[in-house]
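Student: Predicted coordinates and the sequence they were generated for:
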Amino acid sequence: MTAPHLSLDVQLQFLHPKEFEARAKAFPVVYVPFGPIEWHGKHLPVGVDALKAHAILCQTAETHGGIVYPPTYLHDGWNSDENRDATTMTLTALFQRLKATGFRVIVAISGHDVKGMTRMLGAALEPVVADGTVKALAGWENAGSEQGENAVGVDHAAMWETSYMMELYPDLVRMERLGTAPLTREDGIGGQDPRVFASVEIGRNAVKQSADGIGRIARELLESLPEAHRAFGKDALVPSAWDII
């Protein structure tokens, strides 16, 4: 699903080669959103994490530049038992292709706010950045937001995530489905009761802080590269110089 207010001009899947090339040359940063399919209370869709991360990154790209990869649904739990490290290797392959395309900064953002996700994304990025020609960030959607009492927090289907969705996808929020009884473990909500504490205003501030924080970090990473490696790594996006991602 595409939120109608999110610009198609920053979303990779909607770009034609000419626009892809122009945006990448102007600011050679790619943002990659991740999240699982997971219960998020009775009031939110099961794809909240990746939807939230993707929408925030679209706003980052609109304001600061760069291109947003489509939302990718997976989680660190896939790296377990007989599939150990398989997901990490797949992500490394994706990030290597983004690097080969010419991007100089790769921003991998998990809307699933658990340390396992950032560890997995960080491990997948390690071999990609090892030669020093690209930089990367593996973080949650609130990376770079304010600190202290104004900091953007994280939770599960509670005040923060519900507020994000009230701002980003209001038509998908079904607050009435929570009823009026006290919340229990079976409601699957971790944090402050969204019926009491969530609001569009909180979501709007959180989205802006998150988007601007990620954009600032992306620019700092690009500027920290040696000058020879700050430009998009392709003269042109043509079949002879570029392949499938």
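Tutor: Noted; the coordinates are in hand.
Student: these two touch, right, Leu218 and Val107?
Tutor: That one is not Leu; residue 218 is Ala. Yes. With contact defined as Cβ atoms under 8 Å, Ala218 counts as touching Val107 (5.5 Å). The C-beta positions use only the backbone N, C-alpha and C, and glycine is treated the same way.
Student: joint contacts of those two?
Tutor: 29, 31, 66, 137 (Cβ atoms under 8 Å, 6 or more residues apart in numbering).
Student: Might you report the residue contacts of the residue lying closest to the third one once chain neighbours are set aside?
Tutor: When you say that, I think you mean Gly66. In space, and not counting its chain neighbours, Gly66 is closest to Val29: 3.6 Å by Cβ to Cβ, 6 or more residues apart in numbering. Val29 makes contact with 65-67, 103-107, 218, 221-222, according to Cβ under 8 Å, 6+ apart.
Student: His43: which of those is nearest?
Tutor: Nearest to His43 out of the contacts of Val29 is Val107 (Cβ to Cβ; 29.3 Å).
Student: Now for that closest one, how many residues are close by?
Tutor: Around Val107 sit 27 other residues, with neighbours defined as other Cβ atoms under 10 Å.
Student: Make sure it is indeed in a helix.
Tutor: No. Per DSSP: H, G, I helix; E, B strand; the rest coil, Val107 lies outside any helix segment and is strand.
Student: so who does it touch?
Tutor: Taking Cβ under 8 Å, 6+ apart, one finds 29-32, 57, 66, 136-137, 139, 214, 217-218 in contact with Val107.
Student: Could you check how far it is from Val207?
Tutor: Distance of Val107 to Val207, computed by Cβ to Cβ, to the nearest Å: 16 Å.
Student: cool, Ala181 as well?
Tutor: Ala181 is 30 Å from Val207, by Cβ to Cβ.
Student: Over to Ala93?
Tutor: Taken as Cβ to Cβ, the span from Ala93 to Val207 is 31 Å.
Student: quick one: which of those two has more around it?
Tutor: Using other Cβ under 10 Å, the more surrounded residue of Ala93 and Val207 is Val207, with 21 against 12.
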